[in-house]
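[1] any chance you can model this:
(2 chains)
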Amino acid sequence: MVMAQALGIGARHRAPGRLGMMGRQIWDALRDDKPALVGLAFIILLVAIAVVTAIWPGVLPYDPYEQDLAQSFQPPSPAHWFGTDQQGRDILCRILVGTQISLSVAAVVVVVSLAAGVLLGAIAGFKGGAVDTVIMRVMDMMLAIPSMLLAIALMAALGTGIDKAVIAISIVAIPQYARIVRGQVLSVKEREYISAARVAGDTDATIIFKHVLPNVMPSIIVRATLGVSSAILDTASLGFLGLGVQPPAAEWGDMLGSGRNFIFTAPYSLVFPGLAITVTVLAFNLLGDAIRDAFDPKSRKR
Amino acid sequence: MAKYVLKRLMMAVLVLFGVVTIVFIIMRAFSSDPAASVLGQHATAESMAAWRASYGLDKPLWEQYVSYLAGLLHGDLGYSYYDHTSVAGQIMGRFPATIELAVCAILIAGVFGIALGVAAAVHKRSFWDYFSTVVSLVGVSMPVFWLGILLIILFAGSLHVLPSTGRIDPMLQPVGGTGFYLLDTLLSGDFEAFGNALAHMILPSVTLAMYSLAIICRMTRSSMLDTLDEDYVRTARAKGVRRRRVQTHHALRNAMLPVTTVIGLELGSLLGGAMLTETIFAWPGIGKLAVDAIQQSDYPVVQGVVLLIGVIYVLMNIVVDVVYAYLDPRITYTKEEG
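    Next comes the predicted model:
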């Protein structure tokens, strides 16, 4: 523990480029953190479910898309553990297939918003002056609109669909990353090794990618892990409002939205998809908290 | 201080100007033509053109933008595409419902969040500590609409003890007044209506409160743990001050500083972020107004609501900073380093 803490403090001033050490540091912290390990195990399980159901759909006992109105609204039973929905589809199978959408949307959203946010934040922090002002004021403006409202407005403009949902959710997540990266860039850019690199003839772009980014990595990893949680929640929210992924695709939020009219007749059709969202988000939050503790001993839970 | 506030307000105006511009661009430049969705599929090209002209949508985009801004300066937010009522009027009619809901939610979140956070910090590793950890983790992980659905299933569906939609029975709806039903019914002495409005308030406000409760609880716990570690707390204990008194008078008061900030910011986001909660409970506030307007392509209404929410957000941030400075004498905003 003490060792991990010492490493944690050292991480801020470490010479750039030692990603292996960072992984080591995360693992050291995770090893002692049971809830985080449970979260990590659950995430691995989810990824496995998504991959297996994607490459071998036959593994599921029921077709998650095929309608069978004679089977509609079967309550949970040994044949249908979570019951069936209004179109007679097995809810458990739909939830399992739904991991594909939730995880892939979240992954794409994090990669896209991270790339854009890092780039904007690094440019703003590094260039300073008018460039900084313009970029960061635009970020402020985006932050002044609740992210869900901005995402809904973007969906209204772009039209519904999974690709549009990815764009909308990515856009609203950019300012968070940009802010973190800019702050970190400002704090490292006056360090001596940066000046040394400049004297050695490195260009701005080289300095950003070789010297600045590795230093802001810890904050970015933490934000990205928690960003997966918000991306999953945002996707589900858009789906719930009928704006995101379109039927008959199995998406957890859409399952809740389309089951809403049957809230009193078939409550089980709403309980389980919501549970899937909650547990998945919880798993990423547990992991994110543990990683944050690994990099910032001050925030460590007592 | 006054200079600082003035500077912040000027920045706020700039940010809001940007918000208006961003939303205008999203709604007018990227969106599909609203004429088709307003007039229906069977509208002729001529009637659609006439409709567009009546809203000035046939003019170049920059001209529409200038006239929208000019309207804003006069407090004119435009007119709904559907019933041609003024957007400002629609928002004013709906805003009290949102304020009432947000205030009830922040009261629930504040009271229970602080109580739980303090209990967790004072009795470390007790049942309350673990309970608070679970509440704050689950609270931020649960989609708000699912929590609402669960509460409806339980309290309206199974137990039949609470209503699931609306603000009050239509029969008991207060006429005129402030638009705050709890206040109106209480002032008129109509206790049946008050009880009815209160019953309608419980599920939506608990649903909306949960996320903020989790955040406030977590903040209170960590802030309280920090202050309990401080030298002055130990000194007070060493001087013989009773434990309970040290906890309330020395630790809690100082621990409340960051918590106050969080509560202020949460209130700001509750006022603007209740779209999902209002949708589930058919709560006639500005969040539901925005969602409905977006689904109907009623862009002027969307623009108006987003502007209002932006104003609330930005002002709340300034208020929180000023209150923080007032509560913590170490902070001054008069010099640059503040």
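[2] my guess is residue B:214 contacts residue B:144. True?
    No: counting by Cβ atoms under 8 Å, residue B:214 stays clear of residue B:144, with 11.2 Å between them. (C-beta placed from N, C-alpha, C; glycine too.)
[3] for chain A, tell me whether the helix of greatest length in chain B is touching it.
    Assignment by DSSP state H gives helix B:191-228 as the longest helix of chain B. Yes: applying Cβ under 8 Å from any Cβ of the partner chain, one finds that helix B:191-228 is in contact with chain A at residue B:225.
[4] can you name the element that comes right after that helix?
    Proceeding N to C from helix B:191-228, the next assigned helix or strand is helix B:231-238, under DSSP states H and E.
[5] could you dump that next one to CSV, C-alpha only?
    Provided in CSV are the C-alpha atoms of helix B:231-238 (Å, rounded to 0.1, in the frame of the first residue of the first chain):
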residue,chain,number,x,y,z
ASP,B,231,-5.7,20.2,14.3
TYR,B,232,-8.3,22.5,15.7
VAL,B,233,-10.7,19.6,16.1
ARG,B,234,-8.1,17.7,18.0
THR,B,235,-7.3,20.7,20.1
ALA,B,236,-10.9,21.2,21.0
ARG,B,237,-11.2,17.6,22.1
ALA,B,238,-8.0,18.0,24.1
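[6] wait, does that helix contact chain A?
    No: interface with chain A: helix B:231-238 contributes nothing (Cβ under 8 Å from any Cβ), its closest point being 15.3 Å away.
[7] centre of the chain to that helix, how far?
    Computed by Cα atoms, centre = their mean, to the nearest Å, the chain-centroid distance of helix B:231-238 equals 39 Å.
[8] same deal with stretch B:26-36?
    Put simply, stretch B:26-36 sits 27 Å off its chain's centre (Cα atoms, centre = their mean).
[9] swap in stretch A:28-43?
    Stretch A:28-43 has its C-alpha centroid displaced from the chain centroid by 17 Å (Cα atoms, centre = their mean).
[10] now stretch A:173-188
    Distance, centroid of stretch A:173-188 to centroid of chain: 17 Å (Cα atoms, centre = their mean).
[11] for that stretch, what is the average pLDDT?
    Mean pLDDT, stretch A:173-188: 87.
[12] next one: stretch A:212-221
    Averaging pLDDT along stretch A:212-221 gives 80.
[13] do the same with stretch A:121-140
    Taken as a whole, stretch A:121-140 has an average pLDDT of 89.
[14] give me the contact list for stretch B:232-245.
    Here stretch B:232-245 makes contact (Cβ atoms under 8 Å, 6 or more residues apart in numbering or on different chains) with B:227, B:246, B:249-251.
[15] hmm, 7 Å instead?
    The contact list for stretch B:232-245, computed with Cβ atoms under 7 Å, 6 or more residues apart in numbering or on different chains, reads B:227, B:246, B:250-251.
[16] likewise for stretch B:252-265?
    For stretch B:252-265, contacts defined as Cβ under 7 Å, 6+ apart pick out B:106, B:110, B:114, B:118, B:215-216, B:219-220, B:223-224, B:227, B:316, B:319-320, B:323-324, B:327-328.
[17] in a helix, residue B:95, correct?
    Yes: counting by DSSP: H, G, I helix; E, B strand; the rest coil, residue B:95 is part of a helix.
[18] which one is it nearest to, not counting chain neighbours?
    Of all residues not flanking residue B:95 in the chain, residue B:286 sits nearest, at 5.7 Å (Cβ to Cβ, 6 or more residues apart in numbering or on different chains).
[19] I figured that neighbour was touching residue B:98, is that so?
    Yes: assessed by Cβ atoms under 7 Å, residue B:286 is found in contact with residue B:98 at 4.8 Å.
[20] now do the buried residues in stretch B:110-120.
    Neighbour-count burial for stretch B:110-120, counted by 16 or more other Cβ atoms under 10 Å in any protein chain shown, picks out B:110, B:112-114, B:116-120.
[21] ok, those residues vs chain A, which is closest?
    residue B:120 (10.7 Å; Cβ to the nearest Cβ).
[22] that closest one: what's it in contact with?
    B:128-129, B:132, B:221.
[23] please flag which of those residues sit within strands.
    Assignment to strands by DSSP state E places none of the contacts of residue B:120 there.
[24] taking these, tell me the two that lie furthest apart.
    Farthest-apart pair in the contacts of residue B:120 is B:128 and B:221; separation 9.8 Å (Cβ to Cβ).
[25] among the two, which residue is more densely surrounded?
    A count of neighbours by other Cβ atoms under 10 Å in any protein chain shown puts residue B:221 above the other of residue B:128 and residue B:221, at 29 against 19.
[26] so for that one, what's the pLDDT?
    pLDDT for residue B:221: 92.
[27] my read: it touches residue B:123, true?
    No: with contact defined as Cβ under 7 Å, residue B:221 does not reach residue B:123; the gap is 10.9 Å.
[28] could you dump the buried residues of stretch B:110-120 to CSV with secondary structure and pLDDT?
    Shown next, in CSV, are these (DSSP: H, G, I helix; E, B strand; the rest coil; pLDDT from 0 to 100):
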residue, secondary structure, pLDDT
B:110, helix, 95
B:112, helix, 96
B:113, helix, 95
B:114, helix, 94
B:116, helix, 95
B:117, helix, 94
B:118, helix, 92
B:119, helix, 93
B:120, helix, 93
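[29] buried residues in the helix or strand that contains residue B:146?
    Element membership of residue B:146, judged by DSSP H and E, is helix B:144-151. The neighbour-count check on helix B:144-151 (16+ other Cβ under 10 Å) flags B:144-151 as buried.
[30] intersect those with the contacts of chain A.
    Among those, the residues lying close to chain A (Cβ under 7 Å from any Cβ of the partner chain) are B:145-146, B:149.
[31] how close does residue B:203 get to chain A?
    Counting by Cβ to the nearest Cβ, to the nearest Å, the gap between residue B:203 and chain A amounts to 13 Å.
[32] got a list of what that residue touches?
    Contact analysis of residue B:203 by Cβ under 7 Å, 6+ apart lists B:151-152, B:155, B:162, B:164, B:281.
[33] list only those of the contacts of stretch B:232-245 flagged as buried.
    Among the contacts of stretch B:232-245, those classed as buried by 16+ other Cβ under 10 Å are B:227, B:246, B:250-251.
[34] can you redo the residues you listed as TSV with pLDDT and secondary structure?
    Formatted as TSV, the buried ones among the contacts of stretch B:232-245 follow (pLDDT from 0 to 100; DSSP: H, G, I helix; E, B strand; the rest coil):
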residue	pLDDT	secondary structure
B:227	86	helix
B:246	82	helix
B:250	79	helix
B:251	82	helix
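[35] who has more neighbours out of residue B:286 and residue B:98?
    Ranked by neighbour count (other Cβ under 10 Å), residue B:286 and residue B:98 place residue B:286 first, with 30 against 27.
[36] list the contacts of that one.
    Going by Cβ under 7 Å, 6+ apart, residue B:286 touches B:91, B:94-95, B:98, B:305, B:308.
[37] repeat that with 10 Å
    Neighbouring residues of residue B:286 by Cβ atoms under 10 Å, 6 or more residues apart in numbering or on different chains: B:90-99, B:271-272, B:274-275, B:278, B:293, B:301, B:304-306, B:308-309, B:312.
[38] kindly report the same for residue A:59.
    Residues near residue A:59 by Cβ under 10 Å, 6+ apart: A:49, A:52-53, A:93, A:96.
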